[in-house]
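Chemist: Here is the input, now give the coordinates:
(chains A, B, C and D)
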There are 2 protein chains.
Amino acid sequence: MTDVKSGPNPLFLREEELRQAIELLFFAYRDFTAEPDQILADYGFGRAHHRVIYFVGRHPAIAVSELLQILGITKQSLSRVLGQLVAEGFIRQRPGQRDRRQRLLELTEKGAALERQLTENQRNRVARAFREAGAEAVEGFRGVLVNIMDEGNRARFAPPDSHAHGSDAPSTSSTGRR
Amino acid sequence: MTDVKSGPNPLFLREEELRQAIELLFFAYRDFTAEPDQILADYGFGRAHHRVIYFVGRHPAIAVSELLQILGITKQSLSRVLGQLVAEGFIRQRPGQRDRRQRLLELTEKGAALERQLTENQRNRVARAFREAGAEAVEGFRGVLVNIMDEGNRARFAPPDSHAHGSDAPSTSSTGRR
DNA sequence: GATTTTACGTCAGTCATGTTGACATATATG
DNA sequence: CATATATGTCAACATGACTGACGTAAAATC
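Modeler: Next up is the predicted model:
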């Protein structure tokens, strides 16, 4: 470590710490997506296909509008990708029974197989990282990432025991002082 | 794997935990980059410009080849982005004195100002997350993300007390991927 | 000193993924 | 019936990545 002239200088350390976190996110996310991208290329697919396959697998019978909300893209963007996945038999569409305008999406066996292949890769990577970092670190990882997210997205990651009164009232940690 | 439906089923919990981590990375990274992307749009720039500005700011007088290694893209891809940044006066190039083939890059005042604006945003987001999650969580966050990264990239994030003798010990075995 | 390698640039084409805007169709709902 | 909603589609465009080929100056090596 380079020794600091004229005292510890906490401001500099903090700046350095924050920049390291920024870079950590950049490099980790890139490596995290690199291998699935490779696999997808064999199918002529890209990362966008991965996302669609992932979230359709995660939410079977999801409506297009819900998927659009999760992905945060336009229907025209989704259309191309989803159209390919349907045309090539990775995703099946059925009209909703409550609302027949909806086209509910689910993975076919073929789609589920690809989902497994892609997710297994990332899951293994995360599992390894969790194992090497330890259980406490996992909690810290989640705590920080949840707070990096926009508040509106945090609801998906609410702790299991949280009994939400009323609608949401997020602002989980009011006592973050140290 | 066969799914077991009776009892607490730790395997299912683990699967759920890992999937939550995968999604956490997706949503957090997206939100993390959204605001800078907005700012960049005002300048007619994109996320690629951000990365270049960031790393040139972080490593003043960096050579093009080093920047390419960090970014992990081709020189043709960098060329357009870097060319714009130089043409519009955000980055300055000077020939290296030890090796005059090199064009060493550094931010101009204008470039440094934009870098500050962009990074301040992400730094504030991370700072808030660190504050809310607590100091222990920060260590966990780093521990997990470092292990999610490919090994070849971890050297940048070595802890200060790292037993590496020789001060830098790059060992950048990473060749250009794909 | 000649040759080869390196650092960098550039032209040209392609692909994946996002965007807007406009319009169409079927169904639900008032 | 009128209108809103869910979805799809056509067209045009921007960004950022890729490959391949070629060029030039300087360094390194034989």
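Chemist: mind checking how far residue A:81 is from chain B?
Modeler: Residue A:81 is 16 Å from chain B, where distance means CB to the nearest CB, to the nearest Å. No exception for glycine: its C-beta is placed from N, CA and C like everyone else's.
Chemist: Check the spacing between that residue and residue A:56 real quick.
Modeler: 11 Å (CB to CB, to the nearest Å).
Chemist: between those two, which one's more packed in?
Modeler: Under the criterion of other CB atoms under 10 Å in any protein chain shown, the comparison of residue A:81 against residue A:56 puts residue A:56 first, with 25 against 21.
Chemist: Pull the contacting residues for that one.
Modeler: A:62, A:67, A:91, A:105, A:106, A:107, A:111 (CB atoms under 8 Å, 6 or more residues apart in numbering or on different chains).
Chemist: what's near enough to touch the nearest residue to residue A:104 once chain neighbours are set aside?
Modeler: Spatially, and ignoring its direct neighbours in sequence, residue A:104 is nearest to residue A:61 (4.4 Å; CB to CB, 6 or more residues apart in numbering or on different chains). By CB under 8 Å, 6+ apart, the residues touching residue A:61 are A:94, A:104, A:105, A:106.
Chemist: hmm, stretch A:105-122 touching DNA strand C?
Modeler: No - on the criterion CB under 7 Å from any atom of the strand, stretch A:105-122 is out of touch with DNA strand C, staying 12.3 Å away.
Chemist: So for that stretch, what gets flagged as buried?
Modeler: For stretch A:105-122, the neighbour count (16 or more other CB atoms under 10 Å in any protein chain shown) marks A:105, A:106, A:107, A:111, A:112, A:114, A:115, A:118, A:119, A:121, A:122 as buried.
Chemist: where's the residue of chain A found nearest chain B, which helix or strand?
Modeler: Using CB to the nearest CB, the closest approach of chain A to chain B is made by residue A:140 at 2.1 Å. Using DSSP states H and E, residue A:140 maps to helix A:135-148.
Chemist: centre of the chain versus that helix, how much separation?
Modeler: 14 Å (CA atoms, centre = their mean, to the nearest Å).
Chemist: Quick check: buried residues in it?
Modeler: Those would be A:137, A:138, A:139, A:140, A:141, A:142, A:143, A:144, A:145, A:146, A:147, A:148, for helix A:135-148 by 16+ other CB under 10 Å.
Chemist: hang on, the earlier thing: possible to save the buried residues of stretch A:105-122 as CSV with distance to residue A:19 and secondary structure?
Modeler: CSV is the format used below for these (distance: CB to CB, whole Å; DSSP: H, G, I helix; E, B strand; the rest coil):
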residue, distance to residue A:19, secondary structure
A:105, 41, strand
A:106, 43, strand
A:107, 40, strand
A:111, 40, helix
A:112, 41, helix
A:114, 37, helix
A:115, 36, helix
A:118, 32, helix
A:119, 31, helix
A:121, 29, helix
A:122, 26, helix
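Chemist: Show me which of the residues you listed is closest to DNA strand D.
Modeler: residue A:105 (8.3 Å; CB to the nearest atom of the strand).
Chemist: Can you tell me the closest non-neighbouring residue to the closest one?
Modeler: residue A:56 (4.8 Å).
Chemist: tell me the contacts of the residue of chain A closest to chain B?
Modeler: Residue A:140 neighbours (CB under 8 Å, 6+ apart): B:133, B:134, B:136, B:137, B:138, B:139, B:140, B:141, B:143, B:144.
Chemist: excluding its backbone neighbours, what's nearest it?
Modeler: residue B:140 is the one closest to residue A:140 (CB to CB, 6+ apart), at 2.1 Å.
Chemist: And the pLDDT for the one you found?
Modeler: On the pLDDT scale, residue B:140 is placed at 96.
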